[in-house]
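*Asks:* Fold the following, please.
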Amino acid sequence: MPPKYCAVNTKVKGYILGAIAAATYGMNPLFALPLYKNGMDPDSVLFFRYLFAIPLLGIMIKARGRNFKLQRKEILPLAIMGLFVALSSLTLFLSYNYMDAGIASTLLFVYPIMVALIMAFMFKEKITWQTALCILLAIAGIGLLYKTENGGTLSITGTLLVFASALSYAIYIVGVNRTALKNIATLKVTFYVLSFGFLLFLARLDFGQNVRIPDQWYLWGNLLALAIFPTAISFLCTTSAIQYIGSTPTAILGALEPVTAVFFGVTVFGESLTLRIICGILMIITAVTLIIIGGNITTYMVHFRKLFPKLSVKKRFSKKS
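*Replies:* As a prediction, the model looks like this:
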């Protein structure tokens, strides 16, 4: 097979995988909201999501021939990062009780901008004019989402919860690249981060005594789907897409996350979609995409390189052809 054809085929595969990764992550509301309707609370939903996702990630680690060993200096950073990831999950899922899930997912997408700000204020990275312009564009987009066509506003509580979620996730992204964790394979980091994060929900639910269990058998499928689609499949497709097309295009494809959430929110749950909301979503997605393209942000957004052997995709395909 000609090398040029292999390269094109590889890129196509990478873009498809990147799109699948983003779209599956945007399925969080699709599976979570029916559980809320059945009487489950966010803590119980996340308790089962983490509980089911951890063994799936463990199987993935073993399938890649890796071990679970940790050095003593890595345990505390993993515990701290686990707390931030759990807080990010909790505040996002809590926000679904106060606003449309599609809007919440769009507001969450500002986390790359928060990463840029953290790097600027804590690590003295220069804020370029392009970054400043993107921040203003995102703020304008948030303003359009915040005020509805009829003059009403979004819940302040819900908005603050989403921003807390985005900030927690941004701190996690910076943290895994600025601590002893930066040299650990991301799959192992994610496994232990979820394991430590699970302890937060275990404690909040009085060590499992206050867990709300769905009373319909089919809702267990929703809990399992939360562990499989927005977690395992999204993670696997993201790592593969980065290997095929690189971190920047994969991060840009992340714009499909809020789009997917809005799609399901409108079509499945009857959430409103006005011209003002569409414009706000597009402004936020544009701002974040320009930030990703124009800076070193993906250095901190993506931490997957050590999951793969040193043999590049190009070499691997050359051997096949």
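
*Asks:* what stretches of the chain score poorly on pLDDT?
*Replies:* Applying pLDDT under 70 to the chain picks out residues 1-8, 147-152, 239, 242-243, 246-251, 292, 294-321.

*Asks:* where does Val211 land in three-state SS?
*Replies:* coil (DSSP: H, G, I helix; E, B strand; the rest coil).

*Asks:* likewise Met40?
*Replies:* With three-state DSSP as the criterion, Met40 reads coil.

*Asks:* can you tell me how far the closest residue in space to it that isn't next to it in sequence sits from Tyr218?
*Replies:* Counting by C-beta to C-beta, 6 or more residues apart in numbering, Arg212 is the residue found nearest to Met40 once chain neighbours are left out, at 4.8 Å. C-beta: built from backbone N, CA, C; applies to glycine. Arg212 sits 16 Å away from Tyr218, going by C-beta to C-beta, to the nearest Å.

*Asks:* Distance-wise, check Ser272 relative to Leu145.
*Replies:* 11 Å.

*Asks:* Revised request: answer the last question for Gly197.
*Replies:* 28 Å.

*Asks:* picking up where we left off before, so Arg212 and Tyr218 - more neighbours on which side?
*Replies:* Taking neighbours as other C-beta atoms under 10 Å, Arg212 and Tyr218 compare with Arg212 leading, 16 against 8.

*Asks:* any idea which element Lys62 lies in?
*Replies:* helix 42-63 (DSSP states H and E).

*Asks:* Now do the SS call for Phe269.
*Replies:* coil.

*Asks:* and it, how many residues sit next to it?
*Replies:* Neighbour number of Phe269 under other C-beta under 10 Å is 15.

*Asks:* Surely it is in contact with Pro34?
*Replies:* No. Phe269 lies out of contact with Pro34 (C-beta atoms under 8 Å); the separation is 9.1 Å.

*Asks:* where do the helices sit along the stretch 151-300 of the chain?
*Replies:* Under the criterion DSSP state H, counting those that start in this stretch, helices of the stretch 151-300 of the chain are mapped to 156-178, 186-204, 219-227, 234-245, 247-253, 256-267, 275-294, 297-301.

*Asks:* For the residue nearest to Met40, give me its contacts.
*Replies:* 39-41, 44 (C-beta atoms under 8 Å, 6 or more residues apart in numbering).

*Asks:* how about those in CSV, adding neighbour count and distance to Thr179?
*Replies:* What follows is these, written out as CSV (neighbours: other C-beta atoms under 10 Å; distance: C-beta to C-beta, whole Å):
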residue, neighbour count, distance to Thr179
Gly39, 11, 39
Met40, 23, 34
Asp41, 18, 32
Ser44, 22, 31
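
*Asks:* coming back round to it: so can I have TSV of the helices of the stretch 151-300 of the chain showing mean neighbour count and distance to Leu70?
*Replies:* Output for those, formatted as TSV (neighbours: other C-beta atoms under 10 Å; distance: least, C-beta to C-beta, whole Å):
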stretch	mean neighbour count	distance to Leu70
helix 156-178	20	14
helix 186-204	20	7
helix 219-227	19	23
helix 234-245	22	20
helix 247-253	21	25
helix 256-267	21	30
helix 275-294	19	31
helix 297-301	20	22
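
*Asks:* TSV please, covering the ones you listed and showing distance to Asn9.
*Replies:* Shown next, in TSV, are the helices of the stretch 151-300 of the chain (distance: least, C-beta to C-beta, whole Å):
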stretch	distance to Asn9
helix 156-178	31
helix 186-204	26
helix 219-227	30
helix 234-245	10
helix 247-253	16
helix 256-267	22
helix 275-294	25
helix 297-301	24
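
*Asks:* Which one of the ones you listed lies nearest to Gln130?
*Replies:* helix 275-294 (4.7 Å; C-beta to C-beta).

*Asks:* So for Leu30, which of the helices of the stretch 151-300 of the chain sits nearest?
*Replies:* Here helix 256-267 is closest among the helices of the stretch 151-300 of the chain (C-beta to C-beta), at 4.5 Å.

*Asks:* Remind me what the closest one packs against, helices and strands.
*Replies:* helix 3-25, helix 28-37, helix 101-108, helix 275-294 (3 or more C-beta pairs under 8 Å, 6 or more residues apart in numbering; DSSP states H and E).

*Asks:* Give me the distance between it and the centre of its chain.
*Replies:* Distance of helix 256-267 from its chain centroid, counting by C-alpha atoms, centre = their mean, to the nearest Å, is 14 Å.

*Asks:* Can I get that helix in CSV, CA atoms only?
*Replies:* C-alpha atoms of helix 256-267 as CSV (Å, rounded to 0.1, in the frame of the first residue of the first chain):
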residue,chain,number,x,y,z
LEU,A,256,-18.2,18.4,19.7
GLU,A,257,-18.7,17.7,23.5
PRO,A,258,-21.0,20.7,24.1
VAL,A,259,-22.6,20.3,20.7
THR,A,260,-23.5,16.7,21.5
ALA,A,261,-24.9,17.7,24.9
VAL,A,262,-27.0,20.4,23.4
PHE,A,263,-28.3,18.0,20.7
PHE,A,264,-29.5,15.4,23.2
GLY,A,265,-30.8,18.2,25.5
VAL,A,266,-33.0,19.6,22.7
THR,A,267,-34.1,16.3,21.1
